[in-house]
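> Got a predicted structure plus its sequence, pasted below:
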Amino acid sequence: MVTGKVTGKGVRKQYGEEVPCFYLEEISSLMLVDGDFKEERVLPEGVLCTLSGENTAVDIPKLGSFCRLRGNVKLFEPATNPGEFDAKEYYRILHLDFQLQKVQVQASGENYNRLQEKLYHINQYFQNILDDCLPETDAAVMKAMLLGEKQGLSTELKSLYQQNGIIHILAISGLHISMMGMGLFQVMKKCRIPLCIAAFFSIVCMLLYGMMIGAGSSSNRAIFMFCLHVAAPVLGRTYDMCTALALSAMWLLLEQPLYLKHSGFLFSFGAVAAIGVFLPLFRFESKHSLLEGFSAGLCIAAVTLPIHIQFYYTFPLYSLILNLLVIPLMSVVLLDGIVCLSVGVFLPAVAGVIGLPNHFILTFYESLCLLCSRLPFHTLILGHAEKWQVIAYYVMLIGLLWTLKVEKQAVDNKRRISRWLVILAALCVLLFRPSSGINITVLDVGQGDGTCIETEAGHGILIDCGSSDEKKIGIYKLIPFLKYSGIHTLDVVFLSHLDADHTSGIKELLESEEGRIFRVKKIILAKAVLKDEAYEELCTLASANNIPIFYMETGDVYRLNDVTFTCLHPTAEYEPPVADDRNAASLILQMDYYEFNALFTGDADAGGEALAVAAAEQIRGKEQKSVTIEYLKTGHHGSSTASSEFFMEYLQPVFATISCGYQNRYGHPHKTVLDHMEKYSVAYFRTDESGAIRIETNGKKIKIKRYLER
C-alpha cells in the first residue's frame, strides 16, 4: 500500500456515510512512500481526503487553513467497459486527482477562513434541525433540496427518481434559487426598502447561500443568473435570459473547460436554453397551464435528449407527464421546508407538524415513480449515439430555429406541428443504430468472466457474467453496458457453470429493480450441472422472473438466425474427476457465424478440453467443416490448469482473450499459458491490461478494439 503525505489548503468538508471528507487544493507538497522508497511527485490540483475514525470533530482542519495530512493513496478508477461510470474523469472535472484514505491530520495552521468555517457549521446546524424534526427519509430529501447534502439519500430513492426523470428536484438549481432569492427580493421591495439595497442584500444572501451549500455547476449557474436579474433594474438595464445564460456558461467554462463533459452542467444549461430559446417558438396558442407545461416539457426533452443518451443511454418515457405533476408542487415543498427549518430553530416539535405536508407530497412523488416504473415501456433503452449523430441532431435543431427566427408569416398551430415533424426527423438521425455483422464484447469484470454478443438482427446473447473480486458488477458494469449497447432483451444467457465468478452479475441483473427494464428470454446450462445450493438459488431466481431454464449436452446445437452454438462438453452423464468440481463440468461452446468461429471454454480444465477435442472430431463429419477457430476465449482466466499445449496445438486460434483481474492474487494469466500462446503465434488480449475487448466481424473480416490501456 502506497501512503502519501500532502500539504495543502482545505476548501471544503462534509460528512459522508461514516467518516468526514476533506477537500484539499493549492497543494504545496506531495510525498509518496512505498516501504523504504520515497518520491516527490508533480503537484496535483486537488485531493479528496477521507479522514480516519481516530479523528474527532476537533481534529478536522478548519476551512481555509493549510494542513499536512497522511493517508493511503487510492487512485480514481477509469471506466474499463463501455457505459461504465468513469470516476477518474468525473473527479478530474472537480479538480481532484486522487484520494487519501484513513487520513491522519499531522499538522494544521491556525489561520483559516472564518466566514467559510462559520457557514459550514451553520449548514451542519440546519441539517441537525431537519434530522430532529422530520422522519429520516424526509430529512434526507430536504437536506438535499435546501442544503445541498446528498449523503443521507438512499441509493434506492436516488435510483427511483433518476429512472423516472425527476432527479433534478434534488439538485439546487434555478427553481430553488429563484424562489428563495426572488422571494427575498420581492418581500424587501414590498417593504419599501430602496431597490439598490434590496438588490445588494439579496445578492449577498444568495452568494453566502452558495458558499454554504458548496454550490455545483447548476446552482452556480442559477446564482449567477439571479445576480444579473436583480442587478439589471438597479443599473437601468433590461434582463435577457439568453444573454445571462451565455455569460454564466462563459464564466464557468473559463474556470473549468471540462464542464463540457459534465452531465449536471449540460442538463442545467440545456434545460434553460430550451425554455429561453425554443419554447417561445413552439408554444401553442393556448392559455391552458397543462398544455403550456407539456409544451415546455417537450422542448426541454428535445434539447436534452442527446445528453440523456450520452450519459444514461436511456430516456424515461413518462417523465414528461410526471414532471407536470411534480414541478408545480415543488414550490410548496421548498416553502414548507424553509418554514420548517426556521421554526425548528426554536420549536422542533411544531416544526415536525409543519413538515407534514412535505411528508405527504414526497410520499406522493415516490408513489408516482413506483407506479410509472410498473407501466410498460417506462424506460426506453436508446443506446449510445455517435458524435456525428449528436452534432447532426443539434445542427438540424439550430437550423430549424434559424428558419423560425427569420420567418415573416403568421404562425398557426399547423406550422407548429410541422416544426415538431422536423424535430422528429432529427430524432430519426439521433436514434439510428446501424449494424452489420456481430459484435463480441469481453467485459472487464475483474477476476471473472463475462461476454456479450450482439447479432446483426439485434439479438443479445450473454455468456457468463460474474466476478470474485469486484462487488455489484451487475449494477456497475453489466447493466450500464447493456444500456450503452441499446440491448433491452437477452435472447439467451449461457452459464458455463455456477461459480460466483461467472454468475454474480447475472443474479444482480435479475434481483435488482433497475434490472427489471431488461428481458431475459431463457437461460441455458449444462445437463451435467451440479444440483447444489447455487443451482437451487438460480432456479428460484429464474422462476421468480418467469425465465425458463434449458439444458445442453455434447452435440446439442442452439441456433439464433445466422449464429450457431454447438456444445462440445460435457455429456449429460459426465462426472468430474473430483466430486463437486464445477469447473470441470463447464460448458464448452463453439460459435459459428459464416466463416468466423469462436470457442468459449468457461473454466474447463485440460481434461474437459481433451473431451471437447474428441467431441469436435466426432461431430466434424456431420455438421462442421473444420475445427479450426479464429477466436478462443481462454479457459479459467489463464490458469495453468487450462489451455494445455495439446489443446492449443490442435486449435491454433488466430487470437485469444484472457479475462482476469488487475493485479489478481492468483497470478493469472499463468506464464505457461502465455508461453503456449507465443509458441503457436496466438495474438492475445487481456482484460486486466486493456479493459473490455470488442471483436467486430461480418463473418470474414475481423476488427479488434481495446477499451483502454492501463
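Alright, I've got the coordinates.
> ok, the residue most central in space within the chain - contacts?
By C-alpha atoms, centre = their mean, the mean C-alpha position of the chain lies nearest to Phe85, the distance being 4.4 Å. Applying C-beta atoms under 8 Å, 6 or more residues apart in numbering to Phe85 gives the contacts 79, 476, 480. From N, CA and C alone the C-beta is placed, and that goes for glycine too.
> gap between Leu43 and Gly4?
Taking C-beta to C-beta, to the nearest Å as the measure, Leu43 and Gly4 are separated by 12 Å.
> which one of those two has more residues nearby?
More crowded of Leu43 and Gly4, by other C-beta atoms under 10 Å: Gly4, with 24 against 14.
> That one contacts Leu75, correct?
No - applying C-beta atoms under 8 Å as the test, Gly4 and Leu75 come out as separate, 10.9 Å apart.
> Give me the common contacts of these two.
Common neighbours of Gly4 and Leu75 (C-beta under 8 Å, 6+ apart) are Phe98.
> Identify, from the contacts of Phe85, the entry nearest to Gly448.
Tyr476 (13.0 Å; C-beta to C-beta).
> remind me which residues of the stretch 551-700 of the chain are low pLDDT?
Applying pLDDT under 70 to the stretch 551-700 of the chain picks out residues 620-628.
> tell me which helix or strand of this structure sits lowest on mean pLDDT?
Using mean pLDDT, DSSP states H and E, strand 37-40 stands out as the lowest-scoring helix or strand of the chain, at a mean of 67.
> I'd like the next helix or strand past it.
strand 46-51 (DSSP states H and E).
> May I have the helix or strand that that next one is followed by as CSV, with CA atoms only?
Moving toward the C-terminus from strand 46-51, the next helix or strand (DSSP H and E) is strand 66-75. Output in CSV follows, covering the C-alpha atoms of strand 66-75 (Å, rounded to 0.1, in the frame of the first residue of the first chain):
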residue,chain,number,x,y,z
PHE,A,66,-3.2,24.9,5.4
CYS,A,67,-2.6,21.5,6.8
ARG,A,68,-0.4,18.4,6.4
LEU,A,69,-2.2,15.1,6.0
ARG,A,70,-1.0,11.5,5.8
GLY,A,71,-3.0,8.5,4.4
ASN,A,72,-3.3,5.6,2.0
VAL,A,73,-3.3,6.7,-1.7
LYS,A,74,-6.1,5.4,-3.8
LEU,A,75,-6.4,6.4,-7.5
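> Now do stretch 249-258, average pLDDT.
Across stretch 249-258, pLDDT averages out at 92.
> For it, which outside residues touch it?
92-93, 95, 217, 220-221, 224, 259-260, 265, 269.
> In the helix or strand Ile361 falls within, which residues are buried?
Following DSSP H and E, one finds Ile361 within helix 356-373. For helix 356-373, burial by neighbour count (16 or more other C-beta atoms under 10 Å) applies to 357-359, 361-362, 365-366, 368-369, 372-373.
> Can you give the strand pairings for the helix or strand just after that helix, parallel or anti for each?
Sequence order places strand 379-381 as the next helix or strand after helix 356-373, per DSSP H and E. According to DSSP bridges, strand 379-381 forms sheet pairs with strand 314-316 (antiparallel).
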